[in-house]
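In: A predicted structure for the sequence below; I have some questions about it.
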Amino acid sequence: MSIELSNYKSINLGHGSGGLMTRELLDEIIFKVFNNPYLNQKHDGSIVKIEGEIAISTDSFVVSPVFFKGGNIGELAVHGTVNDIAMCGGIPEYLSLAFIVEEGMDMNDFIKIVESIKQTADECGVQVITGDTKVVERGKGDKIFVNTTGFGKVHPGANISTDRIKVGDKIIVSGYIAQHGMAIMSERKGLQFESDIISDTTNLNYLVKDLLDGFGEKIHLLRDPTRGGLSGVLSEIANDTAKGVSIYEKDIPLEKQVAAACEILGLDPLYVANEGVFVVIVDNEIADEVIDAMRNDEKGRNAVCIGEISNENPSKVVMHSIIGGKRIVSPLIGEQLPRIC
Amino acid sequence: MKYLNEYRNLEATKNYLKRIEKTVTRPWKIMEVCGGQTHGLIKNGIIDLLPDKVQMIHGPGCPVCVTPLVLIDKAIALMDQGVIVCSFGDMIRVPGSKKSLLEAKSDGGDLRILYSPLEAVRIAADNPDREVVFFAVGFETTAPANALSVLHAKNEGLKNYSILVSHVLVPPAMEAILDDEFCNIDAFLGAGNVCAIMGTSEYHELSTKYEIPIVVTGFEPLDLVEGIFMAVSQLEAGRFVVENQYARIVKEEGNLAAKEVIAKVFEIGDRDWRGIGTIPKSGYVLRSEYSHFDAELKFGVESISTKEHATCIAGAILKGIKKPGECSEFGSRCTPSNPMGAPMVSSEGACAAYYHFATNLNN
């Protein structure tokens, strides 16, 4: 698709005025790109028919830089919300989409992001059915912020809840951790490696649906370790269940370059953000089958069991180090602080 | 990742742990000087793997922990004057007398978090109408880059760059610990990173004078257990010399180019240490010919004074005289999310390490 909005090289306050310029932005970009019967109504909102239990999730995206290796803020905004719904055991169907754009943003960049959102939504099987665009003065934003809310029916076989976790359950991670956070950090810090560190941003909804189709209630919990990283999700699980979480450092899937980048910047990969990885907690008896099933899917190619739920150290995450020691993995306090010596 | 995976080898580490167990006959207290070593000991769970007779005491080598409170207040005063303050990430959450740098940023201050002081020089060049200050804290390890930033700024003719200096030196701190009447340290693991810059020569006199083994040690699990083994071996044999476990990085003479840069910009002067007080000749100050790069003089903040938190025992903690658990505020009023003193803030601080480790596993 090629969009031409040659009158304006950048977004200005007029594009958020609600007047003719806003209308032009919507007609020439948003409606053209998304072109679906819901949006084509050009109404204040949309009406959809949906029956039974629904899963709903909202998320705002403020990543900087907005274009990074492996993705952009638009792609992230779709994946993030789609994955959150999937983690609830939902099958994402619809999205709302809201932009807060900083005055002066390059129009071509804006179009690129909108087109990327459309393409990503198609890949995820979701439709953008309502939205909003606001423009703030220069200096009051950071190029563009995106909010998406998504919803969809809950999978009939899903029963996802921390209450269902029991001692002996296995903890499976779907792939290499810390890719997204380190891709962004490398971009910000201008770090160069033998090959680029690429964000892992992707949609997990189809893989999750396959797992729920195949294993239903034996999948006890699904979580995607985005901000706060793996340690954040595991700490919450330990805390919410009052059970122990045991993990093994040697089994944590970590790509070589990401490990090296973490060493250079003094960051612990357990605390670094992911955007295309999820944690599955399953009944011990099906753990191997689940891993096999995940490895058959491109998005779970590197799935591996990293530990189990235990009776020991209730409410704590204990990491068994490579050299045979143990340590507590605490949740992140603020932003992870790089060491200086 | 060569030199990393090799030094995280399970079998080799176990081997050294066995040798420590076989060698030790009496209780020994060994202080690891550097916060990075404390972090390595805790992160890898080494302390629990050591025999009971070997007790590790966490030393003062965490730059965040020993930077005086007043320096944070001064950095905030600079932000209040509209200065762009650049800092390493570790410093930003350390509470000043009223607030931290991060809180000052929320209040509208211009704080930049950097990995290198040379980035701050770039910011100064890009913002000729603004003043830029780098918060130059740390031990001998960060001194070369901080000195280099001054030289770069000078070469580029930048008039809007200066540094807020709080540089401290390891050997005088070790001496202050040994001179303390309550000192009970039997051996040191020397800081491998500091010695990579400065070399090992300056430690011989200390080892001889105080009859104490000093083993310069790295940061990976195998480094740490080998360093502990070497220290225990010396103690059991009644020897006290400087040994170098970290020979793959550390040379006797150190890094001559780095030392030259330091000597060009800095000279040795008295420094205040948080919780310990003033130690004579224990840090770097800018040479007089570079005094126009001294942010304290440039912005008139040298007169700001601040009192430490009355109940915080950071000094005794940093000297290894008290353990964090002996502090009445530890884990109650003072936690990593609400720290009263610096050792609770940094991931390398003894209090934060104990908070995450001891309160959890031992409860």
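Out: All right, it came through fine. Numbering: from 1, shown residues only, chains lettered A, B, ... in the order given.

In: residue of chain B nearest chain A, please.
Out: residue B:45 (2.1 Å; C-beta to the nearest C-beta). From N, CA and C alone the C-beta is placed, and that goes for glycine too.

In: pull the contacting residues for the residue nearest to that residue when sequence neighbours are not counted.
Out: What sits nearest to residue B:45 in space, not counting adjacent residues and going by C-beta to C-beta, 6 or more residues apart in numbering or on different chains, is residue A:325, at 2.1 Å. Going by C-beta atoms under 8 Å, 6 or more residues apart in numbering or on different chains, residue A:325 touches B:44-49, B:221.

In: let's see which of those residues end up in helices.
Out: B:46-49, B:221 (DSSP state H).

In: coming back round to it: I'd guessed the residue of chain B closest to chain A sits against residue A:322; true?
Out: No - contact criterion C-beta atoms under 8 Å: residue B:45 and residue A:322 do not qualify, at 9.8 Å.

In: so for these two, which sits in the more crowded spot?
Out: Neighbours were counted for residue B:45 and for residue A:322 using other C-beta atoms under 10 Å in any protein chain shown; residue B:45 has more, 23 against 18.

In: and the more buried one, how far from residue B:189?
Out: Look at residue B:45 and residue B:189: by C-beta to C-beta, to the nearest Å, they are 17 Å apart.

In: equivalent analysis for residue A:43, please.
Out: The value you get for residue A:43 to residue B:189, if C-beta to C-beta is used, is 70 Å.

In: residues contacting the closest residue to chain B within the stretch 1-150 of chain A?
Out: For the stretch 1-150 of chain A and chain B, the shortest gap (C-beta to the nearest C-beta) falls at residue A:139, measuring 12.8 Å. The neighbours of residue A:139, taking C-beta under 8 Å, 6+ apart as the test, are residue A:102.

In: ok, the one 4 residues further on next?
Out: The contact partners of residue A:143, taken as C-beta under 8 Å, 6+ apart, are A:64, A:66, A:101-102, A:105, A:109.

In: in strands only, show me those.
Out: A:101-102 (DSSP state E).

In: tabulate the contacts of residue A:143 in CSV, adding columns for distance to residue A:240, pLDDT and neighbour count.
Out: Formatted as CSV, the contacts of residue A:143 follow (distance: C-beta to C-beta, whole Å; pLDDT from 0 to 100; neighbours: other C-beta atoms under 10 Å in any protein chain shown):
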residue, distance to residue A:240, pLDDT, neighbour count
A:64, 32, 90, 12
A:66, 34, 94, 22
A:101, 38, 97, 25
A:102, 38, 96, 18
A:105, 40, 96, 22
A:109, 40, 96, 18
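
In: just the buried members of the contacts of residue A:325?
Out: Buried by 16 or more other C-beta atoms under 10 Å in any protein chain shown: B:44-47, B:49, B:221, out of these.

In: Serialize those to JSON lines and add fields for pLDDT.
Out: JSON lines is the format used below for the buried ones among the contacts of residue A:325 (pLDDT from 0 to 100):
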{"residue": "B:44", "pLDDT": "90"}
{"residue": "B:45", "pLDDT": "89"}
{"residue": "B:46", "pLDDT": "93"}
{"residue": "B:47", "pLDDT": "90"}
{"residue": "B:49", "pLDDT": "94"}
{"residue": "B:221", "pLDDT": "94"}
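
In: which residue packs closest to residue B:354, ignoring adjacent ones?
Out: Here the residue nearest residue B:354, using C-beta to C-beta, 6+ apart, is residue B:324, at 4.2 Å.
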